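**Student:** Fold the following, please.
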Amino acid sequence: MSALRAKNINVIPKKGTNILIPIGVLWGLVIFLGLGFLWFTDAFSSSLESLYLIPWLAALGIVVLAPTIYLFYIGKFDLFHPLVYAAWTYIVPAFVVGGVLLNLDLVDWYFLSFIDDPKYNLPLTVVYIGIGFIGLTVGYYLPFGRLAAETLEKKLPLWEWKPDHIWGSGILLLSIGIGANAFAFLQGLVGFQRVETVDIFDGLISFLLIVLTAGVVLLWIGVFSTNKREGIFYLVVALLLIFIPIRMALLGTRSGLVAALIPIVFAYVASGKKLKFKPTLLFATLALIGVFVGVVYGTTFRNLKGSENRVQAGDYFGQVTATLDFLSTQNPGIIFENGLQALAQRLENLSSVAVVVSNYEKLAPYEESYGLQNNILNDFYTSFIPRFVWPDKPGTSNPRTYSDLYFDYGDNSFAISPFADLLRNFGPIGIPLGMLVLGIYLRLIYAMFIETKSPAIWKKVAYFLLLISVSYEGFYGIIFPTIIRTAVVLAVALSIANLFARQGKLKGMAR
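**Tutor:** Numbering: from 1, shown residues only. Modelled structure (predicted):
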């Protein structure tokens with residue numbers, strides 16, 4: 001009997017590591033250091049006078065993180081679950097953390113004066129965002145998305161790709177994506193530059209850029225899935241790692257490193273590996289470092305370049321060198337201080353949405369002259385017609401004209417978010433209803449590509465691209481047109497990749 005008990009004891013499974021622990025530790029460290037910085041600089045003396053926004057932000061945090069906690073409780077936590085992804089990659093940093101920074105007077109935008117009665121409109125903005133996320137959650141858990149997925153999944157191709165047979169497909173997609181990016185860069189479509197006029201094929205070129213991300217995700221899945229560590233394995237790893245800093249340097253974006261890390265983490269999870277304590281701590285640490293380094297580099301690059309005016313390729317590359325030289329000669333303490341300020345400004349987006357909440361009714365009569373009136377419906381109606389078919393197609397969701405109207409500064413693209421865009425178009429009732437529709441879509445792709453009974457590598461690649469095509473920083477009006485175009489490009493790209501994957505499989509069988 002004792003031996004039987006011992007045997008039973010030995011087969012008791014060990015309790016899984018709580019992957020939220022390292023995330024909580026890192027966030028706690030960030031908060032601790034932030035509070036210490038505030039205390040050291042006596043910032044609390046002025047900030048504590050008015051913390052009216054904190055209770056509203058706490059309530060928003062509870063609403064937004066509720067799905068994360070629920071999924072973890074039932075054992076179905078997934079970093080790339082649509083509701084978890086939306087919460088952690090944008091809504092919590094931009095609105096909850098950003099709102100705290102705003103209420104502590106750690107950001108000081110010129111357009112704060114555009115918000116009438118901040119003690120009313122800022123909490124109202126928080127309420128609208130919370131209601132919108134509730135609508136997103138309700139839409140996700142309604143049965144419509146799941147039922148649609150069950151019907152559509154039957155029509156999907158039955159492609160079976162083995163990890164050892166996708167190197168050629170991944171390299172092909174990566175090469176096409178690099179070529180598209182290089183061409184778009186020369187055309188002024190990517191990087192910290194913009195063109196004054198839109199050519200008929202610019203939209204097509206812009207969407208070909210997603211082929212690069214598809215190739216990156218596919219190759220990283222191969223890296224984490226394969227058991228054969230041969231020459232091609234090390235070549236692909238070296239290529240992918242070298243590509244990260246080069247792309248960040250050329251694009252001049254403040255989120256370049258984090259944007260490069262997210263596909264890696266997704267591929268790690270998609271390959272079937274568990275995010276236990278050590279890998280979670282590693283990825284979380286890299287994310288924090290990536291955010292700070294990216295903000296420092298991107299802000300410096302933009303400040304030195306001065307504007308988004310298009311320049312010659314040689315001059316643009318020279319700007320990269322000038323940025324690196326500038327950072328290498330600056331005092332590290334000054335770089336750190338300026339980086340913290342730039343990071344705070346990059347995180348905080350609550351105030352820009354509050355500008356819309358405060359002024360959308362007053363500015364509604366002027367939206368038609370700016371080409372913004374009914375942009376959600378107009379964009380949806382015209383999205384099915386390519387610009388090379390309709391060269392004079394109007395662009396109704398234009399961030400420059402929106403910035404000109406609401407922020408009196410048309411040389412920048414201020415965050416609007418789907419919540420503010422729905423409010424402008426349909427009033428307060430449009431926020432939960434519009435986000436509910438988006439939630440149905442998110443459940444559709446998650447059920448069809450991830451919760452499927454027939455998992456496949458290509459489905460995971462498709463899911464990631466369709467997930468990140470939803471921007472929580474831009475116009476609601478461009479979300480579904482973007483999804484449609486992304487789906488078309490993905491269908492072509494994955495079909496081509498399947499041909500190479502099948503060839504790799506046949507060669508493997510022949511050996």
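
**Student:** in the stretch 51-200 of the chain, which spans are helices?
**Tutor:** Assigned by DSSP state H, counting those that start in this stretch, the helices in the stretch 51-200 of the chain fall at 54-73, 82-86, 98-103, 118-141, 143-153, 167-186.

**Student:** which secondary structure elements does the longest helix anywhere in the chain contact?
**Tutor:** When the chain is parsed with DSSP state H, its longest helix is helix 479-510. On a contact count with 3 or more Cβ pairs under 8 Å, 6 or more residues apart in numbering; DSSP states H and E, helix 479-510 meets helix 167-186, helix 202-208, helix 210-225, helix 375-382, helix 430-449, helix 457-468. Heads up, the C-betas are built off the backbone N, CA and C, glycines and all.

**Student:** Show residues contacting stretch 417-433.
**Tutor:** 94, 128-129, 131-132, 134-135, 138, 349, 353, 356-357, 360, 364, 367, 372, 374-377, 397, 434-435, 438, 472-477, 479 (Cβ atoms under 8 Å, 6 or more residues apart in numbering).

**Student:** tell me which residues of it are tucked away?
**Tutor:** 417-426, 430-432 (16 or more other Cβ atoms under 10 Å).

**Student:** Can you tell me which of the helices of the stretch 51-200 of the chain has the worst average pLDDT?
**Tutor:** The minimum mean pLDDT among those belongs to helix 167-186 (a mean of 83).

**Student:** remind me which residues of the stretch 251-400 of the chain are low pLDDT?
**Tutor:** The model of the stretch 251-400 of the chain has pLDDT under 70 over residues 252, 254, 307-308, 311, 313-314, 384, 386-396.

**Student:** Where do the helices of it begin and end?
**Tutor:** Taking DSSP H, counting those that start in this stretch, the helices of the stretch 251-400 of the chain run over residues 256-270, 277-305, 313-329, 332-347, 350-363, 375-382, 399-407.

**Student:** In JSON lines, list those helices along with distance to residue 223.
**Tutor:** JSON lines is the format used below for those (distance: least, Cβ to Cβ, whole Å):
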{"stretch": "helix 256-270", "distance to residue 223": "7"}
{"stretch": "helix 277-305", "distance to residue 223": "14"}
{"stretch": "helix 313-329", "distance to residue 223": "28"}
{"stretch": "helix 332-347", "distance to residue 223": "30"}
{"stretch": "helix 350-363", "distance to residue 223": "38"}
{"stretch": "helix 375-382", "distance to residue 223": "38"}
{"stretch": "helix 399-407", "distance to residue 223": "36"}
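
**Student:** what would the ones you listed look like in a markdown table with distance to residue 104 and mean neighbour count?
**Tutor:** Shown next, in a markdown table, are those (distance: least, Cβ to Cβ, whole Å; neighbours: other Cβ atoms under 10 Å):
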| stretch | distance to residue 104 | mean neighbour count |
| --- | --- | --- |
| helix 256-270 | 24 | 21 |
| helix 277-305 | 19 | 18 |
| helix 313-329 | 28 | 14 |
| helix 332-347 | 9 | 15 |
| helix 350-363 | 12 | 21 |
| helix 375-382 | 34 | 18 |
| helix 399-407 | 23 | 19 |
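
**Student:** Out of those helices, flag the one nearest residue 467.
**Tutor:** Across the helices of the stretch 251-400 of the chain, residue 467 has its closest neighbour in helix 256-270 (8.7 Å, Cβ to Cβ).

**Student:** Taking helix 210-225 as reference, get the angle to that closest one.
**Tutor:** With axes from the mean of the first three to the mean of the last three Cα atoms, to 10 degrees as the basis, helix 256-270 and helix 210-225 are set at 50 degrees to each other.

**Student:** Show residues contacting helix 256-270.
**Tutor:** Applying Cβ under 8 Å, 6+ apart, the set of residues contacting helix 256-270 from outside is 78-80, 89, 213, 216-217, 220-221, 223-224, 244, 247-248, 253, 275, 279, 283, 286-287, 289-291, 293-294, 297-298, 457, 460, 464, 468.

**Student:** related to what we said a few turns ago, looking at the helices and strands packed on helix 479-510, spot the one closest to residue 316.
**Tutor:** In terms of Cβ to Cβ, the element of the helices and strands packed on helix 479-510 nearest to residue 316 is helix 167-186, at 8.0 Å.

**Student:** So which elements touch that closest one?
**Tutor:** Checked by 3+ Cβ pairs under 8 Å, 6+ apart, helix 167-186 has helix 202-208, helix 210-225, helix 231-251, helix 479-510 packed alongside it.
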